[in-house]
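In: Here you go, sequence then predicted model.
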Amino acid sequence: MTGSESEAPVRIDTSKPHPARVYDWWLGGKDNYPVDEELARRILAVDGTAVRGARANRRFMQRAVRAVAETGVRQFLDIGTGIPTEPNLHQVAQSVAAEARVVYADNDPIVLRHAQALLHGSPQGSTEYAHADVRDVDGVLARAAESLDFARPVALSLVALTHYLDDDPAGDDVYGLLRRYVDALAPGSHLILSQVTPDLNPEAIARATEQFRRSGTPFHPRPLAAFTRFFDGLEILGPGVIPVSGWRPEPEDVALQAEGIVPVYAGVARKP
């Protein structure tokens with residue numbers, strides 16, 4: 001990890017929850033603050049799938065990254081990284097190909113601190129971290145280009161991130177953002193996504209959405225058609241866009257499915 005120290009913000013805002021730290025609490029981590037735990041508990045009280053969802057997302061990331069690396073992709077850009085939880089994306093990619101190059105990007109200062117301390121890749125490859133926001137497309141791509149060659153295929157990963165971004169062209173314009181990132185990728189690149197949906201447990205997700213919004217955290221669950229739209233123009237890999245635990249499941253994922261529903265869709269697609 002060779003991220004610049006000058007990127008580190010002067011302080012961490014602990015006055016309001018941050019999705020990365022809420023997610024960390026659900027995963028049993030210790031890198032969160034009382035305000036994050038409070039929101040995490042409130043959401044869990046109205047949506048009992050929250051912890052399963054966090055675990056299922058991590059498992060999907062691992063399976064998807066491994067699958068993409070096995071196709072020969074050796075470069076990965078992970079936006080909305082979250083607080084490091086092993087195995088991390090670079091560990092999965094570099095277990096397939098030690099020379100894989102990975103750039104992480106997140107806008108939470110605590111993620112930066114832990115990334116600098118913990119995210120070390122293989123000697124043959126490269127693991128870098130950028131303190132950056134997904135909305136700053138040019139900034140993220142510029143930082144990533146210091147380590148990645150965008151003339152060659154890159155796997156772009158946004159796991160459990162798009163539901164924090166709105167559709168409004170005057171706001172986040174999540175579809176426009178994704179299109180700009182995908183347009184910057186070479187043919188043979190891949191897009192790895194997961195997203196909370198109201199389709200599979202509408203009442204619980206409506207209650208969770210209200211808790212997020214009361215905390216000042218925008219939250220935008222999407223139905224299947226709206227999520228699938230992110231892959232327009234791309235070749236969706238089998239088994240398609242489906243509930244997250246069913247995407248190329250391994251034994252641990254089958255066991256997770258038996259615990260109950262996880263209202264999250266996932267998919268991986270290739271740029272032709």
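Out: Structure's in. What do you need?

In: if I look at residue 104, how far off is residue 130?
Out: Distance of residue 104 to residue 130, computed by C-beta to C-beta, to the nearest Å: 7 Å. Glycine gets a C-beta too; all of them are placed from N, C-alpha and C.

In: got the phi/psi numbers for residue 104?
Out: For residue 104, the backbone dihedrals are phi -100, psi 140 (criterion: degrees, to the nearest 10).

In: The nearest residue to it once chain neighbours are set aside: what's it in contact with?
Out: In space, not counting the residues next to it along the chain, residue 104 is nearest to residue 81; the distance is 4.1 Å by C-beta to C-beta, 6 or more residues apart in numbering. Residues in contact with residue 81 (C-beta atoms under 8 Å, 6 or more residues apart in numbering) are 20, 89, 104-106, 111, 115, 129.

In: Where does confidence bottom out across these?
Out: Ranked by pLDDT, these bottom out at residue 115 (65).

In: ok, back up a step: can you say which two of the contacts of residue 81 are spatially most distant?
Out: 20 and 89 (14.3 Å; C-beta to C-beta).

In: Name the residue in the two with the higher neighbour count.
Out: Applying other C-beta atoms under 10 Å to residue 20 and residue 89 shows that residue 89 carries more neighbours, namely 26 against 23.

In: The more buried one - nearest residue in space that isn't next to it in sequence?
Out: Nearest to residue 89 is residue 78, by C-beta to C-beta, 6+ apart, at 5.1 Å.

In: And the helix or strand containing the one you found, how far out from the chain middle?
Out: For residue 78, the element it lies in under DSSP states H and E is strand 75-79. Averaged C-alpha coordinates place strand 75-79 at 10 Å from its chain's average position (C-alpha atoms, centre = their mean, to the nearest Å).

In: who does the helix or strand just after that strand touch, helix- and strand-wise?
Out: Next in sequence after strand 75-79, counting helices and strands by DSSP H and E, comes helix 89-96. Applying 3 or more C-beta pairs under 8 Å, 6 or more residues apart in numbering; DSSP states H and E, one finds that helix 89-96 contacts helix 50-70, strand 75-79, strand 101-106.
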